[in-house]
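Asks: sequence first, then the predicted structure, then my questions.
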Amino acid sequence: DTGVSQNPRHKITKRGQNVTFRCDPISEHNRLYWYRQTLGQGPEFLTYFQNEAQLEKSRLLSDRFSAERPKGSFSTLEIQRTEQGDSAMYLCASSLVLAESSYEQYFGPGTRLTVT
Amino acid sequence: RKEVEQDPGPFNVPEGATVAFNCTYSNSASQSFFWYRQDCRKEPKLLMSVYSSGNEDGRFTAQLNRASQYISLLIRDSKLSDSATYLCAVGRAYGQNFVFGPGTRLSVLP
């Protein structure tokens, strides 16, 4: 399967614990995005990378959240000291962006986080 | 006002019907427009890009109206398998993140 993959698919954790999610984008894609989605809402942007550089972070990304893409391939999203409000589906997407042209983002299956 | 808005529905239509959804956006500098389909508890899947000239893919037609700042999706001859949530996505600049609407739920009934 050459699509975007995410691990784990489900994570249940207790409030206050740290969690880390991984995303493997489509191999030739240079941009990687993290979104969060709660029930009844569309995905909300968190952050994105161009290769290994983190180019933008949303105001939603509090200091408890950190994301990395160390070698420009896979990315990790860590949430420290989880809160119940962090419960959501965390989606990763990737795209190939060349110059100024229309592009598409392809999503992985997501990691569903439940904080108890 | 939210940056991207959609009627959440649900739209309940019989098989074979034609249904249309609109999505409005507030940022006039937006550059890219897409429709995604999302099944329950699954990831969004790209349905189609939306171009100024409009585009068609089988039973699906998407259009962009920059003057009025909305995009539309028309589904002809609805199938049961079209039941899903349809998300519009707007890109502020090439390569940047998308802003999604809340989605419109469609149920196609036998």
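Replies: Happy to help now that I have it.
Asks: surely B:Pro14 meets B:Leu109?
Replies: Yes: judged on C-beta atoms under 8 Å, B:Pro14 makes contact with B:Leu109 at a distance of 5.5 Å. From N, CA and C alone the C-beta is placed, and that goes for glycine too.
Asks: pLDDT score assigned to the residue in chain B that chain A sits nearest to?
Replies: As assessed by C-beta to the nearest C-beta, chain A sits closest to B:Phe100 within chain B, at 3.1 Å. For B:Phe100, the pLDDT comes out at 97.
Asks: and the spatially closest residue to it that is not a sequence neighbour, what does it touch?
Replies: Distance criterion C-beta to C-beta, 6 or more residues apart in numbering or on different chains; nearest residue to B:Phe100, sequence neighbours excluded, is A:Gly42 at 3.1 Å. A:Gly42 makes contact with B:Val4, B:Leu87, B:Ala89, B:Phe100, B:Gly101, B:Pro102, B:Gly103, according to C-beta atoms under 8 Å, 6 or more residues apart in numbering or on different chains.
Asks: so A:Gly42, which of the three states?
Replies: coil (DSSP: H, G, I helix; E, B strand; the rest coil).
Asks: ok, it to A:Thr82 distance?
Replies: Distance, A:Gly42 to A:Thr82, by C-beta to C-beta, to the nearest Å: 23 Å.
Asks: okay, now the nearest residue to A:Phe74 once chain neighbours are set aside: neighbour count?
Replies: Once flanking residues are discounted, A:Phe74 sits nearest to A:Asp24: 4.7 Å by C-beta to C-beta, 6+ apart. By other C-beta atoms under 10 Å in any protein chain shown, the residues close to A:Asp24 number 17.
Asks: identify the residue nearest the residue located most distally from the centre of chain B in space, chain neighbours excluded?
Replies: Distance from the centre of chain B peaks at B:Pro110, with 22.7 Å (C-alpha atoms, centre = their mean). Nearest non-adjacent residue to B:Pro110, counting by C-beta to C-beta, 6+ apart: B:Glu15, 5.9 Å away.
Asks: give me the pLDDT for that neighbour.
Replies: In this prediction B:Glu15 is given a pLDDT of 98.
Asks: low pLDDT regions in chain A?
Replies: A:1, A:99-102 (pLDDT under 70).
Asks: how close does the residue in it that chain B sits nearest to get to B:Pro44?
Replies: Using C-beta to the nearest C-beta, the closest approach of chain A to chain B is made by A:Gly42 at 3.1 Å. Separation of A:Gly42 from B:Pro44 (C-beta to C-beta): 8 Å.
Asks: nearest residue to A:Glu104 other than its sequence neighbours?
Replies: B:Leu46 (5.3 Å).
Asks: how many residues are close by the one you found?
Replies: 15.
Asks: now the contacts of A:Gly42 as CSV including neighbour count?
Replies: Shown next, in CSV, are these (neighbours: other C-beta atoms under 10 Å in any protein chain shown):
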residue, neighbour count
B:Val4, 22
B:Leu87, 26
B:Ala89, 26
B:Phe100, 25
B:Gly101, 27
B:Pro102, 18
B:Gly103, 26
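Asks: A:Gly40: how many residues sit nearby?
Replies: Neighbour tally, A:Gly40, other C-beta under 10 Å: 10.
Asks: so what's the backbone phi/psi at it?
Replies: phi 80, psi 0 (degrees, to the nearest 10).
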